[in-house]
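>>> sequence plus the predicted model coming up.
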Amino acid sequence: VIDLGTPTRSVVTTCAYCGVGCSFRAEINGDQLVRMVPHKGGEANRGHSCVKGRFAYGYATHPDRILKPMIRERIEDPWREVSWEEALSFAAGRLRAAQEKHGPRSIGVITSSRCTNEETFLVQKLTRAVFGNNNTDTCARVCHSPTGYGLGQTFGTSAGTQDFDSVEHTDVVIVIGANPTDGHPVFGSRLKKRLRAGAKLIVIDPRRIDLVKSAHVAASHHLALRPGTNVAVVSALAHVIVTEGLADEAFIRERCDWDDYQHYVEFIRDPRHAPEATEALTGVPAAELRAAARLFATGGNGAIYYGLGVTEHSQGSTTVMGIANLAMLTGNIGRKGVGVNPLRGQNNVQGSCDMGSFPHELPGYRHVKNADVRAIFEAAWGVSIDPEPGLRIPNMLDAAVEGTFKGIYIQGEDILQSDPDTKHVAAGLAAMDCVVVHDLFLNETANYAHVFLPGSTFLEKDGTFTNAERRINRVRRVMTPLNGMADWEVTQALANAMGANWSYGHPSEIMAEIAATTPSFARVTYDLLEEKGSVQWPCNDAAPDGTPLMHVDGFVRGKGRFIVTEYVATDERTGPRFPLLLTTGRILSQYNVGAQTRRTENTAWHDEDVLEIHPHDAENRGLHDGDWVRLASRAGETTLRAQITDRVSPGVVYTTFHHPDTQANVVTTDYSDWATNCPEYKVTAVQVSASNGP
Ligand code: SF4
């Protein structure tokens, strides 16, 4: 035990892990963080926290952190420590050389949902105003991009419709493709409290997650569907509601496009959507589906919470639209206790998307093809903006392999470990002339980098994060950046090294530019955040105090739009060689690929990824609990230990993806969502066999 002394001051800041966005008081002695204390004034957490936010901050001072910029001519060469000036000049020279040789659209950026709004805004500005193209994408591509598409199409904007407080007024909750107890623990606790008070729960998940049955909480229905059949299950629920006359037609007539609804009704009435017709496909008993549909339609205020088990599929966007249909069908939009709520995995997924990180959208979800919108930014930035949407992450990698995409700046994202089809990612990176990695550690992607720029942790940052309920929270600097430069300063210096003349002195000035160019942020200032603690967007002249509930009197797009959601089977099929379906998820103490949490005390709670396998499948393979197994798919293979459990159904296996030794994404395929290219992480046909270990 190290005695860190008695705290002499404290700073209120925001957790940098999940999208709940808990507030903490960082207690400090000198420049030494002594402890993180959950902040009672935090509106997202009200004094509660989980083991990640509370204890997993030791990575900030971990000896693995790289604190000096480094460069190398070729990726085979050893790294050479250089000054910030030399590193930035080297990066700028190589990126410009790539553009001169291969054209202005031959370089781009990938930013991270871990970064602040201000950092993200600057990175997309770097792309549009300095690189001169729209090749900007975010790690939200691989998690919630289908939310952006699906909710944009149906409601008019990509955002959760409610605040977390709303759950106190909910009577029936659907949790689909999410595991709040592990992934969003503080909200998970709040949800359990509401369930203990009598609200009913329907869980739609291939795995028996904790909420299905835990202390004093039991789901009324667990629809343990076969992975990849979300659309069929959601359509079956809607079929029952429509055919049994349970739809809220008064709400639909008043709030939704009636012609679209008529078209949808014609589609969903078809007997092929009936629970009895889909039972064999989904594996969910028809009687369970009918009972769940009746409960949701008649049980009072109904709210739907969903996660990556919805989005990371070849039909991720279709399922999001199906969920929106279900909410409109039952009149569950626009008041407390109802709504559609994507649970965002990372601290700033919402903000990263809001800030224009996608290659087709400027900040505030406005398309780059819209000349009026471009004109706002052209006037503010004094440049012309390319009207053509840029490349998404997978398209950048494809173009790199083809030889037309040559340089990339990657801020805060380990794409080699996080993205699907690791071999293809490596081939794309290896084919580029300039890979600039801006991160805390020499991650797997950095093996292919020519420039490494040291990043800073949330404890060293000033800025804002936006949580899953659109709440803009302040992040305040707790300690001086160990690397000497805040991340927004690095982006500014890179822009200036490439010929720009930016002169921001503080992130509050970046927020002023966001507010001046983005209507939903028009009234947001750091002074307002000091005064109120936090505020939920839209925050503008029409809503000066922010907006806890969206779509109250009308949808952002005007009338809500029902969209036909035809089920299309994934191309990933089981067969004799790969007879099982793998799906993945998280564990409470760890976070994503573990870059942060594995460098903290939380490793004591979870030090390896294991493969959950049903006793029936284990017996068929002669496996015992704890045995090493080989997990193989068409894409690749890895080795890990088996955990025999009936939490998964026969035919389904499950693992987490927190450890680089396991590299679960070596196994996942390159199939992706039809609308957004979000990878299909949640369905991979695999074989499991005995192994002697790694
Ligand atoms: Fe809160 Fe999520 Fe951080 Fe846990 S990880 S403290 S639930 S924001």
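Everything's here; your move.

>>> how about Thr116, what does it touch?
By CB atoms under 8 Å, 6 or more residues apart in numbering, Thr116 lies in contact with Asn348, Gly351, Lys461, Asp462, Gly463, Thr464, Phe465, Val475, Asp487, Trp488, Pro507. In this view, the C-beta of every residue, glycine as well, is placed from N, C-alpha and C.

>>> count of neighbours near Ser503?
Using other CB atoms under 10 Å, Ser503 has 8 neighbouring residues.

>>> and what about it, helix, strand or coil?
The assignment at Ser503 comes out as coil when based on DSSP: H, G, I helix; E, B strand; the rest coil.

>>> over to Ala247?
When the rule is three-state DSSP, Ala247 gets the label coil.

>>> correct me, but it touches Val240?
No: applying CB atoms under 8 Å as the test, Ala247 and Val240 come out as separate, 10.3 Å apart.

>>> overlap of the contact sets of these two?
Contacts common to Ala247 and Val240, judged by CB under 8 Å, 6+ apart, are Ala297.

>>> okay, the two: which has more neighbours?
Neighbours were counted for Ala247 and for Val240 using other CB under 10 Å; Val240 has more, 23 against 20.

>>> around the ligand, pick out the residues from the stretch 1-150 of the chain.
With CB under 6 Å from any ligand atom as the criterion, the stretch 1-150 of the chain meets the ligand at residues Cys15, Tyr17, Cys18, Val20, Gly21, Cys22, Asn45, Ser49, Cys50, Lys52, Gly53.

>>> what's the closest of the residues you listed to Tyr149?
Cys18 (22.3 Å; CB to CB).

>>> that closest one in helix, strand or coil?
Cys18 - assigned by three-state DSSP - is coil.

>>> need the contact list for the residue lying closest to it once chain neighbours are set aside.
If the residues on either side of it in the chain are set aside, Cys18 comes closest to His184, at 5.4 Å by CB to CB, 6 or more residues apart in numbering. By CB under 8 Å, 6+ apart, the contact set of His184 is Cys18, Gly19, Val20, Ala178, Gly307, Leu343, Ala468.

>>> so where's the stretch 551-694 of the chain shaky on pLDDT?
Along the stretch 551-694 of the chain, the parts satisfying pLDDT under 70 run over 587-595, 603-606, 658, 660-663.

>>> mind running it again at 80?
585-608, 657-665 (pLDDT under 80).

>>> which stretches in it count as helices?
Using DSSP state H, counting those that start in this stretch, the helices found in the stretch 551-694 of the chain span residues 615-620.

>>> can you map out the strands along it?
Secondary structure of the stretch 551-694 of the chain, counting by DSSP state E, counting those that start in this stretch: strands at 580-585, 610-613, 628-632, 637-644, 652-656, 684-690.

>>> may I see those strands organised as JSON lines, with distance to the ligand added?
Listed next are the strands of the stretch 551-694 of the chain as JSON lines, based on distance: least, CB to the nearest ligand atom, whole Å:
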{"stretch": "strand 580-585", "distance to the ligand": "15"}
{"stretch": "strand 610-613", "distance to the ligand": "22"}
{"stretch": "strand 628-632", "distance to the ligand": "28"}
{"stretch": "strand 637-644", "distance to the ligand": "24"}
{"stretch": "strand 652-656", "distance to the ligand": "15"}
{"stretch": "strand 684-690", "distance to the ligand": "27"}
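
>>> burial of the residue of the stretch 201-350 of the chain found nearest the ligand, as a residue count?
Residue of the stretch 201-350 of the chain nearest the ligand, by CB to the nearest ligand atom: Asn347 (6.7 Å). For Asn347, the number of neighbouring residues by other CB under 10 Å comes to 31.

>>> could you check which helix or strand contains it?
Using DSSP states H and E, Asn347 sits within no helix or strand.

>>> touching, it and Asn117? I think so.
No: Asn347 is beyond contact range of Asn117, at 10.9 Å (criterion: CB under 8 Å).

>>> shared neighbours, those two?
Joint contacts of Asn347 and Asn117 (CB under 8 Å, 6+ apart) are Phe465.

>>> for the residue of the stretch 201-350 of the chain closest to the ligand, which residues are in contact?
Contact analysis of Asn347 by CB under 8 Å, 6+ apart lists Thr14, Cys15, Ala16, Tyr17, Cys18, Gly19, Gly21, Ser113, Arg114, Phe458, Phe465, Asn467.

>>> rerun that using 6 Å as the cut-off
By CB atoms under 6 Å, 6 or more residues apart in numbering, the contact set of Asn347 is Ala16, Tyr17, Phe465.

>>> burial check on the closest residue in space to the last one that isn't next to it in sequence, number of neighbours?
Spelled out, that is Phe465. Once flanking residues are discounted, Phe465 sits nearest to Asn348: 4.4 Å by CB to CB, 6+ apart. Neighbour count of Asn348, defined by other CB under 10 Å: 32.

>>> repeat for Ser49
The number of residues packed around Ser49, counting by other CB under 10 Å, is 22.

>>> how about a markdown table for the strands of the stretch 551-694 of the chain, with mean neighbour count added?
Listed next are those as a markdown table, based on neighbours: other CB atoms under 10 Å:
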| stretch | mean neighbour count |
| --- | --- |
| strand 580-585 | 23 |
| strand 610-613 | 24 |
| strand 628-632 | 20 |
| strand 637-644 | 19 |
| strand 652-656 | 23 |
| strand 684-690 | 20 |
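
>>> between those strands, which gets nearest to Ala97?
strand 637-644 (38.0 Å).

>>> helices and strands around the closest one, which ones?
Under the contact definition 3 or more CB pairs under 6 Å, 6 or more residues apart in numbering; DSSP states H and E, strand 637-644 sits against strand 610-613, strand 628-632.

>>> among the contacts of Asn347, who's most crowded?
Phe465 (30 neighbours).

>>> confirm that that one sits in a strand.
Yes: counting by three-state DSSP, Phe465 falls inside a strand.

>>> any idea how far the ligand is from it?
Here the criterion is CB to the nearest ligand atom, to the nearest Å. By it, Phe465 lies 9 Å from the ligand.

>>> so who does Lys423 touch?
Lys423 makes no contacts at all, as judged by CB under 6 Å, 6+ apart.

>>> okay, it: pLDDT?
On the pLDDT scale, Lys423 is placed at 84.

>>> just the one 4 residues further on next, same as before
Per-residue confidence at Ala427 stands at 95 (pLDDT).

>>> output the strand or helix carrying it as PDB, restricted to C-alpha atoms.
If you go by DSSP H and E, Ala427 is part of helix 422-430. The C-alpha trace of helix 422-430 is given here as PDB (Å, rounded to 0.1, in the frame of the first residue of the first chain):
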ATOM      1  CA  THR A 422      -7.100  -8.000 -38.100                       C
ATOM      2  CA  LYS A 423      -5.100  -9.300 -41.100                       C
ATOM      3  CA  HIS A 424      -6.800  -6.900 -43.500                       C
ATOM      4  CA  VAL A 425      -6.300  -3.900 -41.000                       C
ATOM      5  CA  ALA A 426      -2.600  -4.800 -40.800                       C
ATOM      6  CA  ALA A 427      -2.300  -5.000 -44.600                       C
ATOM      7  CA  GLY A 428      -4.000  -1.600 -45.000                       C
ATOM      8  CA  LEU A 429      -1.700   0.100 -42.400                       C
ATOM      9  CA  ALA A 430       1.400  -1.500 -43.900                       C
END
